[in-house]
Each structure stands twice: as C-alpha cells, then as structure tokens.
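Chemist: I'd like to go over a predicted model; first the sequence, then the structure.
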Protein chains: 2
Amino acid sequence: MQVELIIIGDELLIGQVVDTNSNWMCSHLNAIGIQVKQISTISDREEDITAALTLASTRADIILMTGGLGPTKDDVTKPTLAKYFNSELIYDEGVLKHVEQIFAKYEKPMPSENLKQAEVLKIAEVMFNKAGTAPGMWIKHNQIYFAVMPGVPSEMKYLMEHEVLPRLKNLNGRKKIIHKNILTSGLGESFLAERIYDIEERLPKYIKLAYLPSFAQVRLRLSAEGDNEDMLRKEVDGFAEEIKSSLINFYVNDTQQTLEETLLAEMEKYKLTLATAESCTGGYVSHLITQIPGSSRVFLGGIVSYSNDVKVSSIDVRQKTLDDFGAVSEQTAIEMALGVKRKIGSNYSVAITGIAGPDGGSLEKPVGTVWVAIAGINKTKSYNFLFGTRRNDNIIRASNNALNLLLRLVREENMHL
Amino acid sequence: MQVELIIIGDELLIGQVVDTNSNWMCSHLNAIGIQVKQISTISDREEDITAALTLASTRADIILMTGGLGPTKDDVTKPTLAKYFNSELIYDEGVLKHVEQIFAKYEKPMPSENLKQAEVLKIAEVMFNKAGTAPGMWIKHNQIYFAVMPGVPSEMKYLMEHEVLPRLKNLNGRKKIIHKNILTSGLGESFLAERIYDIEERLPKYIKLAYLPSFAQVRLRLSAEGDNEDMLRKEVDGFAEEIKSSLINFYVNDTQQTLEETLLAEMEKYKLTLATAESCTGGYVSHLITQIPGSSRVFLGGIVSYSNDVKVSSIDVRQKTLDDFGAVSEQTAIEMALGVKRKIGSNYSVAITGIAGPDGGSLEKPVGTVWVAIAGINKTKSYNFLFGTRRNDNIIRASNNALNLLLRLVREENMHL
C-alpha cells in the first residue's frame, strides 16, 4: 500500500508557517504500519493541485490531502477537485446544519461565505468535522482512495483520528504491526543505548527498536511486523519488560501517556496534592499539568514569581536569601518550594528558578543555569542543571526535568506504602 | 524563475523529525523575492531521488536538494546524482584536508567511511562547508541549476547563507515578490472578509490576499508580484492602510510580530507592568508572555488560582462571591483581576476563569464558558465567551482573546497620551 500526502498552502511555500501537520500524519500512519512514500507541498493554485493529484495517482493507492477548504476566495481545493474528478459540488444538509449551529451558538449571523462550507463533492463520502466548519471528504476513484481534510491542525487531527485512520486500518492487504512504547526521562539517548545494548543485540530481525528523543525525555518504541499478532505481542512484551528492568530509575510508563499524565495519575492514586512556584519557566509547568482533564483533583494552584518582589511577597522567600545567594540559587529554589507548599496547602510542590536567556547570564551563572527544588511529605530535594542558550528550549527542558524529579519523589515516598 | 525543493530523508516520512529546513529555506528565498513552487519530501532511495529530480526538472529552473550526503550506507544522494547527471565522483583535495583537520581537532582517528565525504561530482562546483564535513555542490545541467546540501540544519543554513543565496541573487530575470502581513485578533475569518470585501474586490490581479487563521487571530497577507519593487511596495502599502482602517478595533500589527510581542512592546513603551490571574487557562497566558526575551521588564508575576481556596487565599476573591455567583462568573473574574493587580502591584492585570472541559459543564454554564476581566489604570472590563468542547483549544482561545482584550485596554488608556 503506497501512501502519499499532498499538503496545500501558500503559507508553507513562503515559509510563514512550519508544516507540523505532515509530521503528525506520518507518525500516526506509521503507528498503524503505513509508511508514507512522498509528501508534495504545493500552492493554493488550481493547476498545481491538479498536477500534484495527477502525478501522485500514478504512484500511490492512497492520497491524503490537507488545505484550501476554507470559505474564502483563496480556498480553491473543492472546485478544483470537482473538475479533477468530473463531479459536482452539492450542498450537504448535515454539514449546513452543523455550520449554522456553530454560528447560532455564538449568537452571530452567518456570513454568506460560510454556505460554501456545506458544499461537498457529489462522489464523496462526507467525513463530519466536529472540530470546525469545513467537512472532510473520502473519495474512491479509479481504485485510489483520497482523503480531503482542512489544513487547520486541530481539524485535520480530529478527522484523521475519527475518520481516516479507522478507514485505513480496515483496508486489506497489510501485515500486522505491533508497537510498544516505553517513555523514559532523565537520561540521554546514548546513555540509554549503552544500558540496553545487550537487549538490543538480541532483538530478532522483525522487531525494531527506535529512540525518539525530546527535551529531557526519550521514548523507546519497539515495533514488530508479522502475521501472528498474539505471538508478536507476547515477544514484544517480553523485551519491553527487560528494558524496563534495566532503566528502573528513568522509567516513566509504557502506556503512551505523557510524563505529566503519569505524574497526575500516580499523585491522584495516592491522594496527593500539588502546588508550583515558577520563575524562569514562567507558568509552563502549570500549563503542562492543567492541559490534562481532571488535573484539578491534584493541582491546587501555582505562583509565577517572575520578579523578586513577588518571590518575597507571595511565597515568603526571604529578602536575605535573595541578597546573599541570588534569585537563581539552591537556597532560593528550596525556599520557593517550601513557601508555595505552605501558602497553597499542598502535599507536594515543585519550584524552578533559572536563567532562560538569551540575556541575564554571568560568568558564575551562565545562561541555562537552572535550580529545581521538590518538596514532598518528608523530604525536600534540590537539583542543578546547565542547559544551552536557547530560551524556549531551556523553558521546556527545565519544566520536563522538574516534572520527572517530582515523579521520582512521589514514587520514592509513596510507592511501597 | 521557478524554484523547487527536494527534501530527502526517511526520518521525515516516518514522522520522527519535523522538517524545519524547508520552512527556513522558503522564508529566506522569499526574502530575496523567490517563491518556491513545490517541496517534494522523499525517501533515501535511489529510484525515488531520480524520479523526483526528473519531475522537478520539467517544472523548475532551480532545484535545491538536502539530505543523504552523510558517510553511512543509507546516504545515497551522491552516487545517485552521478548516475543522473552521467558524471563521476572524484576526490576533492580541499574537502579531504578539511575533513582530516576536523578529526585531528577532536584528536580522533578518521573512520575510512569519512573518505567518502571528500567525493564530489566532477561536473559540480564545490560549495565548501565550514559547518560540517559534507561538502555542498552547485551544478548547472541543461539550463537548470542544482544546489546539493546536507540535511543537518546548521550545515544547510551555512551553505544557503554563504553559497546558495548569493548565487541566486546574481541570477538574472527574476520578478520581485513583495509581502505585507496584517495581524488581526478578535474577529473570525468570514466576518473579516465581509468587512474588507470592497477592498479585496479592487485588488489588481498581481496582488493577492490570503487569510491565515489561528485561535482568535487571523493573519492577512498581501502578496504582489512584478518588476518594479518600489511601485509594488507603494501599492501594497496603500491597500494595507485601507485594510487597517477598516479593521481598526481588531488590528494588532503589520510587523510580523506575535500578539504577545506587540502587547509587551506597547506596555514597555508606556512603562506599564502586568500581573495575571489564571484559572482555566492554567498558566498558559503567563507562559505565552514569558516565552518572550525581556518580558520581565513588563511582567511581574501571576497566580494560577486553580482551586477556589487559592482564589480566596492568594488573590482575595471573597468567599461570598464564589458562593453567590460561582467560580466561573463575571463577579469572580473581576475580583481576580483586581485582587492580583493589588497583590502583585502592577498597573494592569488580566484574569480568566472558565470551564475548559471536557467535564465540569452544566446547563447554565456549559463547557467552553469563559469569563475574562481586564483591570487597567482607570477601567475594569469584563467579557464573556462560549467556546467549544475541546480542552486544549479552549485554553488557547481563552488565552489569545484575553491577550487581545488586554491590548485593547492598553491602547485605549495610553495611546493618545
């Protein structure tokens, strides 16, 4: 099965927007055993769309398209497809109602342009888009399947998850592919590789191990391909257990959950509560936590103590500590953690103070210097990091490391209760 | 002049790595008036590379390629090009010395694979790569120019900046392309389109208007193509001014900055300071603000008052207000804004309380209900929204709307001082 993506959008070709859609699509297709053969990124022009479709159709059995489905003049995908497939555009009553309801909900009159959102190709099966107003379409033409989706990432993801990936899974002729993910945190890729070298050497040819690193985290993915799904599953599970045993202090989960989801689930299980005190991470840790539905059962609140005055007034860091050791110091981090825990009344707290950059560094405390303190039920621990010079990378690295260290203390103090 | 990119790399097609190279290349080409016509992302296989080259050569005058130039087995670009151009690979003494020097610098023996790095196509002009070991190549063949570069971002960027872009600037017969971006916030795409319909109708054929929507924001992009850059610039600026006048209450900037960058720059200009009180957005507003270097000159700190107790204890929301009106109410939002402003001692504050979902909604206050309050020097304003049911979308929508409303009050209270 050959799959190609056609990504439509002038904004990509002039370099205004980074295309993250095709990466998301490729990785989710890969997870169900489909490898993408080519991605063609083209403009919003009719002749370019037609040419790309014509060529892709000579190479692929399945063509996934995104972009150009909006209600404005520069959105030409639908009329272009109507010509290409020699079909016509018809109003879909269901989609029309959906679009009208969205405008009614916001108590706004619907501009006439939005009527166009309800137009679909007559030959298409409508893929209903609950995440927006532009419907997706599924088309079979000359033995080739086409999925047409909007370019807005949240809408594309909704349609992929609820409509396209399930349809692709049902198409025949594919070998079974089994995946198992092991999320680790706190150890770099090459050190991980050293620790599990012997296990990796023993993997049979049909089981592959991939390292997917991100900031302060490495996801290990075991993939097995074959005919007998049960056998593959058993074998992969066996290797996964061996890897977990070798990485016990860095193991987060094998559930495809994120680090913060795992942390919250374990804290909730032990009936623990959390508060945060953030300086250089500026609220990113509390954002990561509160992205998760139900986080309010664990997370009580946080202080973004960006200025020194707020550190003193809101979470009782002593002025003398700031004067003697500076805002970026072990002492300040510990006082932030203990202060926010007391003020907010939680069982656990995490505090982060550092120099995110690009300015503000010194010889003694260069840009990238970060202190993290974790206060638990009985223990308070502190950790020092030296990251790089890129501000946003430092914010993410510091936040993920802090969440990981918090998870370690939660497990240490509660796991064997 | 038609330019295409061929991006070679299996890691992109399995979704392991986000392709940021092509975005960087497109925006830097665009800045010198070159619009990329297509990006083809393909695997490291000889037949796919040859097919992509053959097709691109039928469409483009200039083809920029990245990837597959390393010393390992899966790097096949050079032998494939040798076949394609009917040329041969020869050792380049300069490159060989350079590679040897790099290994000598790190006091490591050079693996024999790295001898291959010194191989270049006989017909190519070598583009010396000071950022790495793989040389770039510039080839002219059948009136088409080819630039061959490594896929490592720092090496690609070095070669683009020092070798490729200067060569492209020197090639003749290029039309000029002018862009102008107008960022708006607070009005949906189709409502914007209605307001500027008359202006859009009057655009000449060589000036295009694109709508690039994201949460609570729409970027409008005017693009003009022609020979006389000054004339185009003047005309585009004229239309941009007309659009800005029609959208005055929704206009953010025409500087390519983000909403939060604009807000911080204007607040700094007026010497204002900011505090945040976030409930349902969980720290995302303070994260957006603190991502920006130098934000500490404006942003003093914030409270993520997730639980009701923290709303009372940290920012003085009255228990009676919570009892009478609920945590998600106009009254609570206003008390949060006034409380955090007083506690942190800022000139301005923004407060957000709502039901992000997916749970926690009621008939009276469904998921997606959000109250935003902005407290300024003299005025306090409050706004009600009803968003959708997707938690993360609601967090981003509420945050961007809050930043936009804050910008409106900052301008209202300070702009004509």
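Modeler: On my side now, so go ahead. Computed from a predicted model, the values in this text were never measured in an experiment. Residues are numbered from 1 along each chain as shown, chains lettered A, B, ... in the order given.
Chemist: what's around whichever residue of the stretch 101-250 of chain A sits closest to chain B, how many residues?
Modeler: Chain B sits closest to A:Pro111 of the stretch 101-250 of chain A, with a gap of 4.1 Å, by C-beta to the nearest C-beta. (Glycine included, C-beta is placed from N, CA and C.) Using other C-beta atoms under 10 Å in any protein chain shown, A:Pro111 is surrounded by 19 other residues.
Chemist: for it, which non-adjacent residue is closest in space?
Modeler: Nearest in space to A:Pro111, with sequence neighbours left out and distances taken as C-beta to C-beta, 6 or more residues apart in numbering or on different chains, is B:Ser190 at 4.1 Å.
Chemist: how close does that neighbour sit to A:Met137?
Modeler: Using C-beta to C-beta, to the nearest Å, one gets 21 Å for the distance from B:Ser190 to A:Met137.
Chemist: rewinding a little: quick one: contacts for the residue of the stretch 101-250 of chain A closest to chain B?
Modeler: Contact criterion C-beta atoms under 8 Å, 6 or more residues apart in numbering or on different chains gives A:Pro71, B:Ser190, B:Phe191, B:Ala193, B:Glu194 as the residues in contact with A:Pro111.
Chemist: do you know the pLDDT at it?
Modeler: A:Pro111 carries a pLDDT score of 80 in this model.
Chemist: A:Gly360 and B:Tyr206, how far apart?
Modeler: To B:Tyr206, A:Gly360 is 47 Å away according to C-beta to C-beta.
Chemist: who's more crowded, those two?
Modeler: Residue environment comparison for A:Gly360 versus B:Tyr206 gives the larger neighbour count to A:Gly360, 18 against 12, counting by other C-beta under 10 Å.
Chemist: for that one, which three-state class applies?
Modeler: What DSSP: H, G, I helix; E, B strand; the rest coil gives for A:Gly360 is coil.
Chemist: contact partners for it?
Modeler: Under the criterion of C-beta under 8 Å, 6+ apart, the neighbours of A:Gly360 are A:Val367.
Chemist: again, only using 10 Å
Modeler: A:Gly360 is in contact with A:Cys280, A:Val328, A:Gly354, A:Pro366, A:Val367, A:Thr369, A:Arg391, B:Pro293, B:Gly294, B:Ser296, counting by C-beta atoms under 10 Å, 6 or more residues apart in numbering or on different chains.
Chemist: strands - which of those land there?
Modeler: With DSSP state E as the criterion, strands contain A:Gly354, A:Thr369 from among the contacts of A:Gly360.
Chemist: any idea how far A:Lys320 lies from chain B?
Modeler: 20 Å (C-beta to the nearest C-beta, to the nearest Å).
Chemist: state the phi and psi torsions of that residue.
Modeler: When quoted as degrees, to the nearest 10, the phi and psi of A:Lys320 stand at phi -60, psi -40.
Chemist: show me what from the stretch 301-417 of chain A comes close to chain B.
Modeler: Counting by C-beta under 10 Å from any C-beta of the partner chain, the residues of the stretch 301-417 of chain A lying close to chain B are A:301-311, A:313-315, A:340, A:343-346, A:356-360, A:391-392, A:395, A:399.
Chemist: now the buried members of those residues.
Modeler: Buried members of these, counted by 16 or more other C-beta atoms under 10 Å in any protein chain shown: A:301-308, A:310-311, A:314-315, A:340, A:343-344, A:346, A:356-357, A:360, A:391, A:395, A:399.
Chemist: now, which of the residues you listed lie within helices?
Modeler: A:Asn308, A:Val310, A:Lys311, A:Ser314, A:Ile315, A:Val340, A:Lys343, A:Ile344, A:Arg391, A:Ile395, A:Ser399 (DSSP state H).
Chemist: between these, which sits nearest chain B?
Modeler: Ranked by distance to chain B (C-beta to the nearest C-beta), these are led by A:Val310 at 3.6 Å.
Chemist: my read: that closest one touches B:Lys343, true?
Modeler: Yes - counting by C-beta atoms under 10 Å, A:Val310 does reach B:Lys343; the two are 8.8 Å apart.
Chemist: overlap of the contact sets of those two?
Modeler: Taking C-beta under 10 Å, 6+ apart as the contact definition, A:Val310 and B:Lys343 share the neighbouring residues B:Ala275, B:Gly301, B:Ile303.
Chemist: measure A:Gln319 to A:Val312 for me?
Modeler: 6 Å.
Chemist: comparing the two, which shows the higher neighbour count?
Modeler: For A:Gln319 and A:Val312, the more surrounded residue by other C-beta under 10 Å is A:Val312, and the numbers stand at 17 against 11.
Chemist: now A:Glu46: closest residue in space, sequence neighbours ignored.
Modeler: Counting by C-beta to C-beta, 6+ apart, the residue nearest A:Glu46 is A:Thr80, at 4.7 Å.
Chemist: what pLDDT does that neighbour get?
Modeler: The per-residue pLDDT reported for A:Thr80 equals 95.
Chemist: helix or strand for it, which one?
Modeler: Assigned by DSSP states H and E, A:Thr80 belongs to helix A:77-84.
Chemist: tell me which other helices or strands that helix touches.
Modeler: With contacts taken as 3 or more C-beta pairs under 10 Å, 6 or more residues apart in numbering or on different chains; DSSP states H and E, helix A:77-84 sits against strand A:3-8, helix A:46-59, strand A:62-66, strand A:89-91, strand A:119-121, strand A:136-141, strand A:144-149.
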